[in-house]
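Novice: predicted coordinates and the sequence they were generated for:
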There are 2 protein chains.
Amino acid sequence: MPNPSSTNARDHAKLIQAQDQFVASWGRMGSVWGISRTMAEVHALLYITGEPMCTDQIMDRLGVSRGNVSMSVRALLDWSVIEKVRLPSDRKEYYQAELDVWSMLRAIARERIKREVDPMLDALDEIAQLAPEVKSSDTQEARDLKQRIDAVREGFELITTLTHKFAGPSGAGLKTAAKLLAKAPVGSKRPTRTHSAKKRTKKNGGQA
Amino acid sequence: MPNPSSTNARDHAKLIQAQDQFVASWGRMGSVWGISRTMAEVHALLYITGEPMCTDQIMDRLGVSRGNVSMSVRALLDWSVIEKVRLPSDRKEYYQAELDVWSMLRAIARERIKREVDPMLDALDEIAQLAPEVKSSDTQEARDLKQRIDAVREGFELITTLTHKFAGPSGAGLKTAAKLLAKAPVGSKRPTRTHSAKKRTKKNGGQA
DNA sequence: GTGGGATTTCAGAGTTTTTTGAAATGACTG
DNA sequence: CAGTCATTTCAAAAAACTCTGAAATCCCAC
């Protein structure tokens, strides 16, 4: 590279370095999110640069295979955290990240619920089919079992509802939610021992 | 322990089956939480039965090795979702699960933040060391970079704060938080059921 | 159609995580 | 303390997961 202004050249290097480091961290974290490292890195790269990039650019910058980029990009499109862009000058597909962080965090929350909580709820529904038969000869054991399953289900249903409300595609407000909570007084450890929330089972199209 | 009259015997089988299925689901989910399958299963077993159990009972019921049970139990103790119990009759250690679901969910949230968000925040701090040097010759690119990193950091910091507040060891209230949110009006949107009946059983979003 | 690149797919190689099992250590009792 | 049984540790095996690369497919301009 020439030195148009030596200061700019140095700064540019720093900038690239910062970007790379961001990409690396995000990638490391990906594994912890149940996302593959590459998928996380691709996303990080598109997010941090803000530029539309094509497959080859991504391959080169991250040093991963074409196939891997293809699969990662596909998944990110499904998650709707990146989108296709057509550059008039070029025949290739370009990809660009959604630039609002909150939409990104929302997507993560949404996907996690879909992959973690929902299947569990389905399973609980299924299990509930087995348990209720124990109604006539209700041993203590049987009643306890049902009670515990319901407790778990209630918790997970609440979480799902909240996620749909705040992180759903309509997306009004993960940020809103956060702010609401941040300023809410955290009720002192007064044990409000009501186990109120009743059976508002909003059974989605689950199995069984 | 139970005293099965022939009707009870059938019910008892169902009960065991329901327990096993719960354990299996929880275990499957474990991998998705970054918990090993066995660790999740041990916890599920102790939770769903509610009984104190010793290493051998757990081994037999789950069909895993002694070493594996030992390590899983240790981790669960560290997370404080189970505790040691001494039975006067027996020399072995027995383990028993915390029976409040919310304490369990809280533990999960707490651990996840510790393992996912905190390291990311540290990384962002480090990256922020590189970026600021780009202040004088501020290209648009440089300013964008800083702005994006800050946006991410803000988001993650908010999440951390909230988790400490609501899921921290003092633990006042994941449930409280959920309730606060559940009744809060969401932004401009009326609480209509527009997309309520969404198919829960949906294919995983194309993740490799 | 046809040619030439862009994209997708997927079997197998490579990597990481989890589990096993047996030896080492610890803990209690007589 | 010596014996017995419980628990922990850890190297190596097994399982799960991710990535590669080349062949197959798609897509568009001519």
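Specialist: The structure has been received and is ready for your questions.
Novice: pLDDT (mean, whole number) over stretch A:161-173?
Specialist: The average pLDDT within stretch A:161-173 is 69.
Novice: find the closest residue to DNA strand D in chain A.
Specialist: Proximity to DNA strand D, evaluated over chain A using C-beta to the nearest atom of the strand, is greatest for A:Gly67 at 2.0 Å. For the C-beta atoms, the positions are set from N, CA and C on the backbone; glycine is no exception.
Novice: how close does that residue sit to A:Val73?
Specialist: According to C-beta to C-beta, to the nearest Å, A:Gly67 stands 11 Å off from A:Val73.
Novice: between these two, point out the one with more neighbours.
Specialist: Here A:Gly67 and A:Val73 are compared on neighbour count by other C-beta atoms under 10 Å in any protein chain shown; more neighbours surround A:Val73, at 23 against 10.
Novice: mind listing the helices for chain A?
Specialist: Taking DSSP state H as the criterion, chain A contains helices spanning A:6-33, A:37-49, A:55-62, A:66-78, A:101-112, A:118-130, A:140-167, A:174-183.
Novice: between those, which gets nearest to B:Arg153?
Specialist: Within these, the stretch nearest B:Arg153 is helix A:101-112; the backing value is 9.3 Å (C-beta to C-beta).
Novice: now find how far off-centre stretch A:11-19 is within its chain.
Specialist: Going by C-alpha atoms, centre = their mean, to the nearest Å, the spacing between the C-alpha centre of stretch A:11-19 and its chain's C-alpha centre is 28 Å.
Novice: quick check: mean pLDDT of it?
Specialist: Over the span of stretch A:11-19, the pLDDT mean works out to 86.
Novice: relative to A:Leu76, how far out is the residue nearest to A:Glu93 when sequence neighbours are not counted?
Specialist: Taking C-beta to C-beta, 6 or more residues apart in numbering or on different chains as the measure, A:Glu93 lies nearest to A:Lys84, with 5.5 Å between them; neighbours along the chain are not counted. When distance is defined by C-beta to C-beta, A:Lys84 is 11 Å away from A:Leu76.
Novice: tell me, what's touching those two both at once?
Specialist: Taking C-beta atoms under 8 Å, 6 or more residues apart in numbering or on different chains as the contact criterion, the common neighbours of A:Lys84 and A:Leu76 are A:Tyr95.
Novice: compare the two (neighbour count), which wins?
Specialist: It is A:Leu76, of A:Lys84 and A:Leu76, that has more neighbours when counted by other C-beta under 10 Å, with 25 against 11.
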